[in-house]
Structures are given as C-alpha cells and as structure tokens.
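S.K.: I need the structure of the sequence given here:
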Amino acid sequence: MNNSKKTKSKLIEEAVDSLPYFAIDDLTPIEKNKDYLKILLHRSIKRGDIIALKRGMYTSHSFLGKVEKKNIIKEYYEFIANIVYKPSYLSLEYVLEKHGILTETVKSFTLVAKKKTFKLTNALGVFKYYHIKEKLFNGFKITKKENFLIAEASLAKALFDFLYFRKNILSTEEQIAELRLNMNNFSQSDFKELGKYIKLEGSQRMETIFTYLVRL
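M.R.: As a prediction, the model looks like this:
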C-alpha cells in the first residue's frame, strides 16, 4: 500500500513495530501536531495495538508478540523495569527469588533507585522502586541479554538491599530467622561481599543483623 493511502494510525503501528519502547517525539516524522498524536495514540491504546508503559512512554502489542515468540519476554520485562524509572537496578525480592534465597513467590519487579520511592503498575506488571543513598547505589552489573541491557544486583547486594530496607524492624535473631532465607545458596564469597556493603553502610544495626545472619 502506498504511504499516501495509509492512515496515520497505520503508519504509527508500522513505525513502532520493531521498537522496544517509544515516546511521542519518535512519531513527529509522521505527525508534527503532538496533540493530534496523543489522540491517535489514545485510540490505538483503546484498540489494544499500543500499550502505555508510563506517562509518555509506550510499546506495541506487535513488539510484545515478537519477544514472546522468541521466548525472551522475561528479559524484555527486566529491561523495561530499568527503563521506566532511571537510574535503577533489579534487586531485593526479585533477585533473591531468582537465586532461591526466598521461598515465597515474588509477584512484582523490585528495584533500587537513586530517586524517590515509587510504584508503577501497567499492563506488564507491578514495578516497585526503593530509594537508596548515593553511596549505596552500587553492587550491580549491566549485562546484555538478547539485545536488552539489564542492570541487576549481585546476590550479595540484593540481600544487603533486602535487609537494609528492613533494618528498623529486624532487632532480634528470631526476626531474622522468621524471614526464612535459604542461605544454603549463599557462598563464602557472597558473605564476604555482603560484609563489604555492611561496612560501607556503617550502622551498628546492620552490623548486628549481619552477625545474626551468619549464625543461620
């Protein structure tokens, strides 16, 4: 079909078909009037062709279909988790479950961020971001998975973050035990790395939690 005969909605669908995410500015070659673009996007969202990731950021149903077909939907979701609230890295319950440290199923994406604590819910799931001090925003790597760059904490840093955000309610060894952490999957090198973050954080409470944890 000649482009002159295609509707602008169709042109938008074709333009974003291979994009993992996009914003209105990416569509201005098709339509310069951003107010009209918003109307077109709203219609596409109602039809289910476009999915809103957050205000001003979108993906397409067709792109989701492609990553599902390639069996890389999990990697795509992790990538999006980093993108919708930056800078951030996957950590806490989400990473601990991956490594078998948590015995309960985690139903949301949990991340650590430099900006304020934030929760986002969209068609892909629930994304929870926890603010941490600048000096503790570390212990993660950015790796490429199926063309998606993903920032994810090491196992030790994920556990540190998990305990750090609970340090005010973990005052006894019994309370640490009640977390039911499967420490069999936590190696000596992981403990050494965890100790490094405990020392960097510098509080007596975290030192005490670390002492209790070693006894498990």
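
S.K.: Go through stretch 105-120 and flag the buried ones.
M.R.: By neighbour count on 16 or more other CB atoms under 10 Å, the buried set for stretch 105-120 is 108-114, 120. For the C-beta atoms, the positions are set from N, CA and C on the backbone; glycine is no exception.

S.K.: for the residues you listed, which one is nearest A177?
M.R.: Lowest distance from A177 to the buried residues of stretch 105-120 (CB to CB) belongs to T110, with 22.0 Å.

S.K.: For the spatially most central residue of the chain, which non-adjacent residue is spatially closest?
M.R.: Nearest to the mean C-alpha position of the chain, by CA atoms, centre = their mean, lies A81 at 2.9 Å. Counting by CB to CB, 6 or more residues apart in numbering, F109 is the residue found nearest to A81 once chain neighbours are left out, at 4.4 Å.

S.K.: Could you do K70 as well?
M.R.: Using CB to CB, 6+ apart, the closest residue to K70 is E146 (7.3 Å).

S.K.: close enough to count as contact, the one you found and K74?
M.R.: No. Using CB atoms under 8 Å, E146 is not in contact with K74, being 9.5 Å away.

S.K.: Contacts for whichever strand or helix holds L96, please.
M.R.: If you go by DSSP states H and E, L96 is part of helix 92-98. If you take CB atoms under 8 Å, 6 or more residues apart in numbering as the criterion, helix 92-98 is touched by 102, 104-106, 108-112, 130, 152-153, 155, 158-159, 161-162, 165, 181.

S.K.: Which positions within it qualify as buried?
M.R.: Buried residues in helix 92-98 (16+ other CB under 10 Å): 92-97.

S.K.: got it, and stretch 37-56?
M.R.: Using 16+ other CB under 10 Å as the burial criterion, the residues of stretch 37-56 that qualify are 37, 40-41, 44, 49-51, 53.

S.K.: picking up where we left off before, among the contacts of helix 92-98, which are in helices?
M.R.: Cross-referencing the contacts of helix 92-98 against helices under DSSP state H gives 155, 158-159, 161-162.
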